[in-house]
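1. Following is a predicted model, sequence given first.
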Amino acid sequence: MDIGKLLIILGSVILIAGLALSYAPWLINWFGKLPGDINIKNENSSVFIPITSMIVISLILTLVLNLVFRK
């Protein structure tokens with residue numbers, strides 16, 4: 001793939017993600033609230049481990065990248 005095409009695709013993805021985050025904030029409200037995400041709050045500290053959310057993001061990115069780079 002040509003570097004120019006790759007930059008155009010990457011720029012388009014960043015633009016779409018930026019628009020989605022700006023005009024549809026409900027799209028990101030699910031992050032960290034799925035079953036399997038660990039959120040421990042103490043008096044002095046807090047720990048946040050988004051295991052399930054990261055698995056979902058990984059699956060979505062894998063599907064999108066496989067569709068983009070499929071020959």
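-> In hand now; what should we look at? Bear in mind that the values here come from a model prediction, so they are computed numbers and not experimental data.
2. mind giving me the domain split of the chain?
-> 1-28, 31-71 (automatic domain parsing).
3. is it possible to export these to a markdown table including mean pLDDT?
-> Listed next are the domains of the chain as a markdown table, based on pLDDT from 0 to 100:
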| stretch | mean pLDDT |
| --- | --- |
| domain 1-28 | 81 |
| domain 31-71 | 87 |
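4. what would the ones you listed look like in TSV with mean neighbour count?
-> Just so you know, the C-beta spots here come from the backbone N, C-alpha and C atoms, and that holds for glycine as well. Supplementary listing: these in TSV, determined by neighbours: other C-beta atoms under 10 Å:
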stretch	mean neighbour count
domain 1-28	10
domain 31-71	11
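5. Is the residue of the chain most remote from its centre within a helix or a strand, and which one?
-> Using C-alpha atoms, centre = their mean, the residue of the chain lying farthest from its centre is residue 43. It sits 30.0 Å away. Secondary structure here is read from DSSP states H and E; on that basis residue 43 sits in neither a helix nor a strand.
6. Distance check, it against residue 51.
-> 24 Å (C-beta to C-beta, to the nearest Å).
7. Same question for residue 64.
-> When residue 64 is compared with residue 51 (using C-beta to C-beta), they lie 21 Å apart.
8. Could you do residue 24 as well?
-> Summarising the geometry, the distance separating residue 24 from residue 51, computed by C-beta to C-beta, is 25 Å.
9. From residue 16, how far off is the residue nearest the centre of the chain?
-> With distances taken as C-alpha atoms, centre = their mean, residue 57 lies nearest the centre of the chain, 4.7 Å away. With the distance defined as C-beta to C-beta, residue 57 ends up 15 Å from residue 16.
10. Kindly report the same for residue 39.
-> Spatial separation of residue 39 from residue 16 under the definition C-beta to C-beta is 29 Å.
11. go on, residue 68?
-> Applying C-beta to C-beta, one obtains 13 Å for the distance of residue 68 from residue 16.
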